[in-house]
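A.B. asks: Return atomic coordinates for the entry below.
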Amino acid sequence: MATNLFDLTGRIALVTGASRGIGEAIAKLFAEQGAHVIVSSRRIEGCQKVVDEITAAGGSAEAFPCHIGDMAQIDAIFEHIASTHGRLEILVNNAAANPYFGHVVDTDPASFQKTVDVNIRGYFYMSTAACKLMRQQGSGAIVNTSSINALSPGPQQGIYSISKAAIVSMTKTFAIECGPDNIRVNALLPGLTKTKFAGALFTHEDIHKQLMEKIPMGRHAEPEEMAGAVLYLVSDAGSYTTGTCTIVDGGMSL
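C.D. replies: Next up, the predicted model:
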């Protein structure tokens, strides 16, 4: 039996939305555990900065830009992975869109479509492409970043919350249908986490106060506090874990 169940040595891992925040923390932790990490986000500059920090620390990584709301870019990154590496052990769908903050009935069509294209369609087709590679090699692990908003919609975050609930259902569907291929699929449901993406929740004083009052631990999370749960889900430590929604929220959902 392996002595380090969290060891990822030799594994190829793709992390989207990895130029900052939770994705960056996940990518760096994977690299520390020995994985070769494909750091992906919309802009190459942010990805390369994270790659440079990983390699400076002795890790292995490469940058590849991909906007998961663009089907052609999804095809391009998986063509690169197939031709360069020929395999993919880990996918973390972490990129997300939340262009609208306000009352749900005032959601404009463009914001609705962008949220659906990235958070639902993007996750779906990233997962199907990954599963095709993983099925060929006989194993794999996928983690989808959802949110506790999937369980209880966040204030002024209607379509975003709806899309995150869809990710929970998507996770369970892929877990059921891809389980026979030894592909495990799980979801991370973060609570209030200090990231640029969640900036509106911190700058809106009334909403921030309302959220903080619901957290038994009395504080928000840092991105690094999400990465450990994801490491468990993709590593041998989680070898019999699939279809789960792992809540990391300081007790907020209680």
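A.B. asks: In terms of helices and strands, where is Ile38?
C.D. replies: Element membership for Ile38, per DSSP states H and E: strand 36-39.
A.B. asks: List the contacts of the helix or strand just after that strand.
C.D. replies: Next helix or strand after strand 36-39 toward the C-terminus (DSSP H and E): helix 44-56. For helix 44-56, contacts defined as CB atoms under 8 Å, 6 or more residues apart in numbering pick out 18-20, 24, 27-28, 31, 37, 39-41, 60-65. For every residue, glycine as well, the C-beta is placed using N, CA and C.
A.B. asks: sorry, back to before: could you check the strand holding Ile38 and say which residues are buried?
C.D. replies: For strand 36-39, a neighbour-count test (16 or more other CB atoms under 10 Å) marks 36-39 as buried.
A.B. asks: can I get those residues in a markdown table with distance to Pro190?
C.D. replies: Formatted as a markdown table, the buried residues of strand 36-39 follow (distance: CB to CB, whole Å):
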| residue | distance to Pro190 |
| --- | --- |
| His36 | 25 |
| Val37 | 20 |
| Ile38 | 22 |
| Val39 | 19 |
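A.B. asks: can I get those in a markdown table with pLDDT and distance to Asp181?
C.D. replies: Shown next, in a markdown table, are those (pLDDT from 0 to 100; distance: CB to CB, whole Å):
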| residue | pLDDT | distance to Asp181 |
| --- | --- | --- |
| His36 | 98 | 22 |
| Val37 | 98 | 23 |
| Ile38 | 98 | 21 |
| Val39 | 98 | 26 |
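A.B. asks: of all these, which two lie farthest apart?
C.D. replies: His36 and Val39 (10.5 Å; CB to CB).
A.B. asks: Quickly list what's touching both of the two.
C.D. replies: The overlap between the contact sets of His36 and Val39 (CB under 8 Å, 6+ apart) consists of 61-62.
A.B. asks: rewinding a little: looking at the contacts of helix 44-56, which are in strands?
C.D. replies: Secondary structure from DSSP state E places 37, 39, 60-63 of the contacts of helix 44-56 in strands.
A.B. asks: Those residues: which two are farthest apart?
C.D. replies: Top of the distance list for those (CB to CB): Ser60 and Ala63, 12.3 Å.
A.B. asks: Mind checking which of the two has more residues around it?
C.D. replies: Ala63 (22 against 16; other CB atoms under 10 Å).
A.B. asks: so that one makes contact with Val39?
C.D. replies: Yes. Taking contacts as CB atoms under 8 Å, Ala63 lies within contact range of Val39: 5.2 Å.
A.B. asks: partner strands of the strand holding Ile38, parallel or antiparallel?
C.D. replies: strand 12-15 (parallel), strand 60-63 (parallel) (DSSP bridges).
A.B. asks: rewinding a little: which one of the ones in strands among the contacts of helix 44-56 sits closest to Lys209?
C.D. replies: Nearest to Lys209 among the ones in strands among the contacts of helix 44-56, counting by CB to CB, is Val39 at 35.1 Å.
A.B. asks: measure that closest one to Phe112 for me?
C.D. replies: 29 Å (CB to CB, to the nearest Å).
A.B. asks: got it, and Ile74?
C.D. replies: 21 Å.
A.B. asks: and if you look at Thr242?
C.D. replies: Taken as CB to CB, the span from Thr242 to Phe112 is 31 Å.
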